[in-house]
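1. Got a predicted structure plus its sequence, pasted below:
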Amino acid sequence: MAHRRIILTLATGLALTLGSAPAVAASDPSAGEVASVLASAPAGEPVTVVTTTQTATGPQFTTEVADSRQDARELISDALDEPGVTVDVAHPVSIASTLDTSSAQAPVAAVATAKKPRRSNDSLRKRQWSLDKLRAEQVWRKSKGRGVVVAVVDTGVQADHPDLKGRVLKGRDFVEGDRNAADRNGHGTHVAGVIAAKAGNKRGIAGLAPQSRILPVRVLNSAGAGNTVDASRGIVWAVNKGADVINLSFAGKDLDVQMQKAVRYAVRKGVVVVAAAGNEGCSGPTTYPAALPGVIGVAATNRYDRVAPFSTCGPAVDVSAPGVSIRSTMIKRPSMGLPCRYGQSYCLMSGTSMASPHVAAAAAIVIARTRHRLGAAAVGDLLTTRATDIGAPGYDTASGHGFLNVRRSLLGR
């Protein structure tokens, strides 16, 4: 959150201010400036040069693809001559799910769980340990997230899934440039189900905020991969389409200007932005967009209130939430990269990708309960500062402020 992110601190201990990202503003480009922009471009691939311009409707991104490094240098040099723009290159991002579904590690001191209330009648509800842990049925007595729009910026969403039909708004596809945000991977549909799957319909699962609405934004391809330009365009589009919350269950290792500006635009417009912390473990690098100011970075925990071994640690982590063996909605023909079978409508998946939508759903619950009267920062503070401490006393870089406690976030409201 912004109160502890005046600077972005990498796991190596190097501090980097927003102004010191590789991108540079237009002004008398030198060879050094061009080299600085080009330094973080993916090796062995065509280079996508990105120029960002501020407009009344948010940052706008223009791209040109260079087949060689020399061509890229020329494009960057030309772009740096243009007034009023910033220049960078596109960086890769990908889904933050993992094949690791292990949750056998026993607790040292588990979060106390009260007697479980009667569960909703969804056929797979008893297999959703995450909703038991979050006391979903008790939370629903106060709020189910009614009417709150949660943008799932991801691989798309299967709008006609039986547990999502009627909950999904018309979206946008930034991968193929059309208005059909159908899911060709399965990851985005899984994320959407965690948030907004119908509750009490005697089928499948229940989402944590079952009366919220999903705005699908496809920015990742059928393999679950994409780039920061499409992702940034998707974020800006979601803001302008009225999203109250944006969930970003993907991660990349590069800090770039387009993602910074897109997230900053969302935060300034009062949108709650939630992102997966990444699946690199405690020895891995800082990941983005979770590490950006104003973003709620989410770590993954198992059913025993232990942070999952794959969950990325670091100052990007604000809070932790269920992210191991999470059952949710799935497309009939999922990507072979997912641990899901063809023909099944539900699947178990693990990753900070699965933890992040629990927090996005919690934000929707708080927003609906407070009738949109709280700003994004206030919503984020409720979710983080009222979390249940599960790691080292106080804030720690593995679980953040602790395990998501939606019920406590609603106390007094």
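-> Nice, I can see it. In this text the structure is predicted, and so the values were computed from the model without any measurement. Numbers count the residues shown, from 1 in each chain.
2. Report the separation between H187 and V194.
-> 11 Å (C-beta to C-beta, to the nearest Å). In this view, the C-beta of every residue, glycine as well, is placed from N, C-alpha and C.
3. Which residue ranges of the protein form helices?
-> 31-38, 69-80, 129-133, 136-140, 187-196, 228-240, 257-268, 352-369, 376-385, 406-409 (DSSP state H).
4. in the fourth one, what's buried?
-> Within helix 136-140, the residues that qualify as buried are A136, E137, V139, W140, counting by 16 or more other C-beta atoms under 10 Å.
5. helices or strands next to it in the packing?
-> If contacts are counted by 3 or more C-beta pairs under 8 Å, 6 or more residues apart in numbering; DSSP states H and E, helix 136-140 sits against helix 406-409.
6. try the third one
-> Of the remaining helices and strands, those touching helix 129-133 by 3+ C-beta pairs under 8 Å, 6+ apart are strand 319-322.
7. just checking, what packs against the strand it packs on?
-> Packed next to strand 319-322, using 3+ C-beta pairs under 8 Å, 6+ apart, are helix 129-133, strand 295-301, helix 352-369.
8. which residues are in contact with the first one?
-> Spelled out, that is helix 129-133. 111, 113, 116, 119, 125, 137, 194, 206, 208, 303, 305, 321-322, 325-326, 358, 403 (C-beta atoms under 8 Å, 6 or more residues apart in numbering).
9. picking up where we left off before, highest average neighbour count across the helices of the chain?
-> helix 187-196 (a mean of 33; mean count of other C-beta atoms under 10 Å).
10. Strands of the stretch 1-150 of the chain, start to end?
-> 8-9, 15-16, 24-25, 47-55, 58-66, 85-89, 92-95, 149-154 (DSSP state E, counting those that start in this stretch).
11. can you tell me which of the ones you listed comes nearest to S222?
-> Ranking the strands of the stretch 1-150 of the chain by proximity to S222 (C-beta to C-beta) places strand 92-95 first, at 11.3 Å.
12. who does the closest one pair up with?
-> Applying DSSP bridges, strand 92-95 is found paired with strand 225-227 (antiparallel), strand 250-251 (antiparallel).
13. Which strand residues bridge the nearest residue to A238 once chain neighbours are set aside?
-> Nearest non-adjacent residue to A238, counting by C-beta to C-beta, 6 or more residues apart in numbering: A151, 3.7 Å away. As for beta bridges, A151 partners with L215, I246 under DSSP bridges.
14. for A151, what are its contacts?
-> I214, L215, P216, V217, G234, I235, A238, K241, A243, V245, I246, N247 are the contacts of A151 under C-beta under 8 Å, 6+ apart.
15. and it, what pLDDT?
-> At A151, the model reports a pLDDT of 98.
16. Run through the stretch 1-150 of the chain and note the low-pLDDT ranges.
-> Scanning the stretch 1-150 of the chain with the threshold set as pLDDT under 70 gives 1-29, 99-117.
17. ok, the most centrally placed residue in the chain to A321 distance?
-> Nearest residue to the geometric centre of the chain (C-alpha atoms, centre = their mean): L248, 2.0 Å. Distance, L248 to A321, by C-beta to C-beta: 14 Å.
18. ok, how many other residues are close to R125?
-> 20 (other C-beta atoms under 10 Å).
19. ok, now V152?
-> For V152, the neighbour count with other C-beta under 10 Å is 36.
20. Turn the strands paired with strand 92-95 into a markdown table, including mean neighbour count and mean pLDDT.
-> Putting the strands paired with strand 92-95 into a markdown table (neighbours: other C-beta atoms under 10 Å; pLDDT from 0 to 100) gives the following:
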| stretch | mean neighbour count | mean pLDDT |
| --- | --- | --- |
| strand 225-227 | 22 | 97 |
| strand 250-251 | 32 | 98 |
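21. between those, which one is nearest to G147?
-> Across those, closest to G147 is strand 250-251 (C-beta to C-beta), at 26.2 Å.
22. returning to what we had before: in TSV, list the buried residues of helix 136-140 along with distance to A398.
-> Converted to TSV, the buried residues of helix 136-140 look like this (distance: C-beta to C-beta, whole Å):
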residue	distance to A398
A136	25
E137	29
V139	25
W140	30
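23. That concludes my questions; thank you for your assistance.
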